[in-house]
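[1] Sharing a sequence plus its predicted fold:
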Amino acid sequence: MIDYHGLGLSLIETSHRSSEYDDVHESAVSGIRALLDVPDTHEVLLLGGGATMQFGMVPMNLMPAGGSADIVHSGSWAQKALADLRKLGTANVLYDGSEKDFTTLPDPQEIHPSDGASYLHITSNETIGGLQWKEFPKTGDVPLVADMSSDILSRRINVSDFGLIYAGAQKNLGPAGVTVVIIRKDLLDRGPDSLPAYLHYRTHASKNSLFNTPPVFAVYALSLVMNWITSEGGLDAIAKRNVAKSAMLYRTIGSHPEFFRCPVDERYRSDMNVVFRLPSEELEKAFIAEAGERDMIGLKGHRSVGGIRASIYNAVSPESVEALTEFMQEFAQRNA
Ligand SMILES: Cc1ncc(COP(=O)(O)O)c(C=O)c1O
């Protein structure tokens, strides 16, 4: 933190045009490219503004003014992407999960782009609802756009199937402050010249994501996380570990059906955010409090939905998940 590689000063204090930072920047970008096997047809950009800024940047760049785009409304995060899309054009909602309380997803094979749609947007993992696409719609010539903020680098994906992928870093990539955008190169020029420079993807691609001062520390941490994933055996090893972790929790929920209930359709249960309910809100409060006494924190479901949510991102160890399942069993036996 205070003396980067013997420089006598922190990386945070050095110029982002320094050779030290150049190496960090390249290592972060090449780490993402290598782990996700990003083909040469796609550019990797490091931007600011969080995934939230992409809710606006995607339609601004990929859809002509007053045009239309398709979107799957799968929950809280899709809702935010939908709201910004509606400010800029027409949203064709291909599937509206609100009718089923956002507990399931459409069959990907039944999702087809509409005539004239500029792109089709999905949220690969709904962080709050605990829903995850296991396969993706095939969209032909219409670019598939995915908000992967809460499951990027948790499993292998075929980047060529996507026109654009975006993800805020703070779940699986590093600290907040940097947002990864992977965009097919032919889409870089789609945005109108009237866009402010920062909001145009082309600006960032032409400057190797150094158009303005990047969040140096966040990019540095991201580069270290890429090294860590590699040292853990790469994406396939991480994916295997993630599936085993979530299976432990879903198994525990399933083995106490009178006490625990996961509202999510079994076909689309998330490997990142495992949500479940207890028989009453009082028991949920007691569960969270007792878990806290055992140093298990952050289990309270999102305020909009309540219940319990175990967010078991890449960095959560199998041992931690095992400790949670042991506590769940013990709590269920004591309170059933
Ligand atoms: C799926 C999803 N999309 C978007 C966001 C918003 O990301 P940010 O806070 O980086 O703007 C989040 C944040 O948790 C998320 O989980």
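    Cool, got the structure. Residues are numbered from 1 along each chain as shown.
[2] What residues does Gln79 make contact with?
    Neighbour list for Gln79: His73 [criterion: CB atoms under 8 Å, 6 or more residues apart in numbering]. Backbone N, C-alpha and C define where each C-beta goes, glycine included.
[3] let's number from 50 now, not from 1
    Sure thing, new numbering starts at 50, so read that last one as Gln128.
[4] quick one: which helix or strand includes it?
    Per DSSP states H and E, Gln128 falls inside helix 125-137.
[5] Tell me the gap between that helix and the middle of its chain.
    Offset of helix 125-137 from its chain centre (CA atoms, centre = their mean, to the nearest Å): 16 Å.
[6] for stretch 119-132, same thing?
    Mean-position distance between stretch 119-132 and its chain equals 14 Å (CA atoms, centre = their mean).
[7] What are the buried residues along it?
    Buried positions in stretch 119-132, judged by neighbour count with 16 or more other CB atoms under 10 Å: 119-124, 126-128, 130-131.
[8] That stretch near the ligand anywhere?
    Yes: counting by CB under 6 Å from any ligand atom, contacts between stretch 119-132 and the ligand involve Trp126.
[9] what's the first-to-last distance across that stretch?
    One end of stretch 119-132 to the other measures 13 Å (CA to CA, to the nearest Å).
[10] neighbours around Gln158, how many?
    9 (other CB atoms under 10 Å).
[11] Kindly report the same for Gly189.
    Per other CB under 10 Å, the neighbour tally for Gly189 reads 10.
[12] Next: Tyr247.
    For Tyr247, the neighbour count with other CB under 10 Å is 14.
[13] mind listing what it touches?
    Contact analysis of Tyr247 by CB under 8 Å, 6+ apart lists 260-261.
[14] top helix in this protein by residue count?
    What stands out as the longest helix in the chain, according to DSSP state H, is helix 283-303.
[15] Identify the residues contacting that one?
    With contact meaning CB under 8 Å, 6+ apart, helix 283-303 is reached by 84-85, 202-205, 278, 281, 309-311, 318-321, 323, 325, 359, 361, 363, 365, 367, 370-371, 373-374, 377-378.
[16] Only C-alpha atoms, please: export stretch 371-385 in CSV.
    Output of stretch 371-385 as CSV, limited to C-alpha atoms (Å, rounded to 0.1, in the frame of the first residue of the first chain):
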residue,chain,number,x,y,z
GLU,A,371,-19.8,-25.8,5.2
ALA,A,372,-19.8,-23.9,8.5
LEU,A,373,-23.1,-22.2,7.4
THR,A,374,-24.7,-25.5,6.6
GLU,A,375,-23.8,-26.9,9.9
PHE,A,376,-25.3,-23.9,11.7
MET,A,377,-28.4,-24.2,9.5
GLN,A,378,-29.0,-27.8,10.5
GLU,A,379,-28.4,-27.1,14.1
PHE,A,380,-30.7,-24.1,14.1
ALA,A,381,-33.4,-26.0,12.4
GLN,A,382,-33.2,-28.9,14.8
ARG,A,383,-33.4,-26.5,17.8
ASN,A,384,-36.3,-24.4,16.5
ALA,A,385,-38.4,-26.8,14.5
